[in-house]
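Asker: what follows is a predicted structure for the sequence shown.
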Amino acid sequence: MVRCLVCDDSALMRQLISRILREHGIEVVGLARNGEEAVEAVLQRQPDVVTLDIEMPIMSGLEALTRIMELRPTPVVVLSHLTAKEAPASVEALARGAVDVMQKPRTALDSRGLSRWGVELALKVKVAAMARPKPVPASKARQQTRAGAVARAMGGHHRPLVIVGASTGGPAALCELFAVLDPALLPVPLLVVQHMPAGFTRSLAERLDSLSAFRVREAAPGDRLVPGEALLAPGGAHLVLRADGRSVDLSTAPPRHHVRPAVDVTLESAAAVYPDPIVAVILTGMGSDGAAGVRLIRQRGGRAIVQDESTCVVYGMPRAVAEAGDADLICPLGEIAPALIQTVTVLSR
């Protein structure tokens, strides 16, 4: 049975979350009213998972998360009201090692809506219990002028497209990867698909943009594929390529693998219309999203790089690609950037 610590400054919310978790077979081993109590309870009761509010007195959720990851790395599911203040803080929590993020229920939810929210919360907690969180080193923004950063061409006839997919543990992995990506060495367009609820992806794009020499922004219909720029799929919409193969669109087609955006949808759409080679990069995540799309990418001459098990928070999506025999390279997270540069250089000839 999964053992969970519930941390929230609201007594009503603590009671609600505890009741929901118990109804879904999850043991609640403790309640904490602030971040300081959460850190103490993690050390004393050693839960499998922590649900953590962002805005709390005495010690904030971000401060508590940092201490937990230093003292006893434990899977954390962040709960947020998705306010203008809390959304960026929630993304920062993911970058610091939280496994997942979820919007708190609105007070206007009826019993059916609250039941659906409870099912989703219980699922996230059970998935988080399977994760292997790791302390995340603080990243520093790239102090590099972006103007003219992609002036050096690959020198070949092709302009590869890179598509990165991730789920559980993905925001922290994306932060580490984008902090070292350099358009001067990788002058190609990037598309990024991270399983994340609507409302959080803009803050994630801003976070990645602050870390990287690449320009990173949330995708909008009609955005062009530009070397040195990365477009992030918005939560709640699939990111697809238009028929011209050089611009993107957003789709509200049904979820795939129970998620929207889905990596497979983006990969399949690119495989159908993009005129040059494609490189798929599959990072940490639960499930098998990306495996079907990678197969299509490789059938048309593309390549696939997947994160290895030792550096994944959840070795699900990369495993699905590797076990299907479609991984051209399996790399620790820290080696993906140079592997990507080498692969793109070869394919650009």
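Answerer: Great, that's in hand.

Asker: list the contacts for the residue lying closest to S10 once chain neighbours are set aside?
Answerer: Among residues not flanking S10 along the chain, D53 sits closest, at 7.8 Å (Cβ to Cβ, 6 or more residues apart in numbering). The way it works is simple: take the backbone N, C-alpha and C, and place the C-beta from them, glycine included. By Cβ atoms under 8 Å, 6 or more residues apart in numbering, the residues touching D53 are 7-10, 13, 61, 79.

Asker: which among those residues gets closest to P187?
Answerer: Nearest to P187 among the contacts of D53: G61, at 38.9 Å, using Cβ to Cβ.

Asker: can you count the residues close to that closest one?
Answerer: Using other Cβ atoms under 10 Å, G61 has 29 neighbouring residues.

Asker: ditto for S310
Answerer: Neighbours of S310 (other Cβ under 10 Å): 10.

Asker: what do you get for E63?
Answerer: The number of residues packed near E63 is 16, by other Cβ under 10 Å.

Asker: got it, and P261?
Answerer: P261 has 30 neighbours, counted by other Cβ under 10 Å.

Asker: let me know whether it touches V240 as I believe.
Answerer: No. Between P261 and V240 there is no contact under Cβ atoms under 8 Å: 9.4 Å.

Asker: which ones are touching the closest residue to L283 other than its chain neighbours?
Answerer: Excluding its sequence neighbours, the residue lying closest to L283 (Cβ to Cβ, 6+ apart) is A166, at 3.9 Å. If a contact means Cβ under 8 Å, 6+ apart, then A166 has 173-174, 192-195, 282-285, 317 as its contacts.

Asker: quick check: phi and psi on A166?
Answerer: Torsion angles at A166 (phi, psi; degrees, to the nearest 10) stand at phi -160, psi 160.

Asker: give the contact list for the closest residue to P261 other than its chain neighbours.
Answerer: What sits nearest to P261 in space, not counting adjacent residues and going by Cβ to Cβ, 6+ apart, is A233, at 3.8 Å. Counting by Cβ under 8 Å, 6+ apart, A233 touches 191-194, 201, 219, 239, 250, 261, 266.

Asker: re earlier: mind putting the contacts of A166 into JSON lines with neighbour count and pLDDT?
Answerer: JSON lines is the format used below for these (neighbours: other Cβ atoms under 10 Å; pLDDT from 0 to 100):
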{"residue": "A173", "neighbour count": "25", "pLDDT": "96"}
{"residue": "L174", "neighbour count": "27", "pLDDT": "97"}
{"residue": "V192", "neighbour count": "31", "pLDDT": "98"}
{"residue": "V193", "neighbour count": "29", "pLDDT": "98"}
{"residue": "Q194", "neighbour count": "25", "pLDDT": "98"}
{"residue": "H195", "neighbour count": "25", "pLDDT": "96"}
{"residue": "I282", "neighbour count": "32", "pLDDT": "98"}
{"residue": "L283", "neighbour count": "31", "pLDDT": "98"}
{"residue": "T284", "neighbour count": "29", "pLDDT": "97"}
{"residue": "G285", "neighbour count": "30", "pLDDT": "95"}
{"residue": "M317", "neighbour count": "30", "pLDDT": "98"}
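
Asker: which residue ranges of the stretch 201-349 of the chain form strands?
Answerer: Along the stretch 201-349 of the chain, the segments classed as strands by DSSP state E, counting those that start in this stretch run 215-218, 229-232, 238-241, 248-251, 278-282, 303-307, 329-331.

Asker: in TSV: those strands, plus distance to R295.
Answerer: Formatted as TSV, those follow (distance: least, Cβ to Cβ, whole Å):
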stretch	distance to R295
strand 215-218	28
strand 229-232	23
strand 238-241	18
strand 248-251	21
strand 278-282	10
strand 303-307	9
strand 329-331	16
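
Asker: other SSEs contacting the least confident helix or strand in the chain by mean pLDDT?
Answerer: In the chain, no helix or strand scores lower on mean pLDDT, DSSP states H and E than helix 86-95, which sits at a mean of 88. Applying 3 or more Cβ pairs under 8 Å, 6 or more residues apart in numbering; DSSP states H and E, we find helix 86-95 packed against helix 61-71, strand 76-80, strand 100-103, helix 170-178, helix 201-211.

Asker: where among these is the average confidence lowest?
Answerer: Mean pLDDT per stretch puts strand 100-103 lowest among the helices and strands packed on helix 86-95, at a mean of 90.

Asker: ok so, going back, tell me which of the strands of the stretch 201-349 of the chain sits nearest to L94.
Answerer: Among the strands of the stretch 201-349 of the chain, strand 229-232 comes nearest to L94, with 13.3 Å by Cβ to Cβ.

Asker: name every strand pairing with that closest one and say which way it goes.
Answerer: Strand pairing for strand 229-232, determined by DSSP bridges: strand 190-194 (parallel), strand 215-218 (parallel).

Asker: tally of neighbours for the closest residue to R242 other than its chain neighbours?
Answerer: Distances taken as Cβ to Cβ, 6+ apart place D249 nearest to R242, at 5.2 Å, with adjacent residues excluded. When neighbours are counted by other Cβ under 10 Å, D249 registers 17.

Asker: make CSV from the contacts of A166 and add distance to H24 to it.
Answerer: Output for the contacts of A166, formatted as CSV (distance: Cβ to Cβ, whole Å):
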residue, distance to H24
A173, 28
L174, 30
V192, 32
V193, 28
Q194, 26
H195, 21
I282, 30
L283, 28
T284, 25
G285, 22
M317, 24
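
Asker: now, which of the residues you listed sits nearest V119?
Answerer: The closest of those, once distances to V119 are taken by Cβ to Cβ, is H195, at 16.9 Å.
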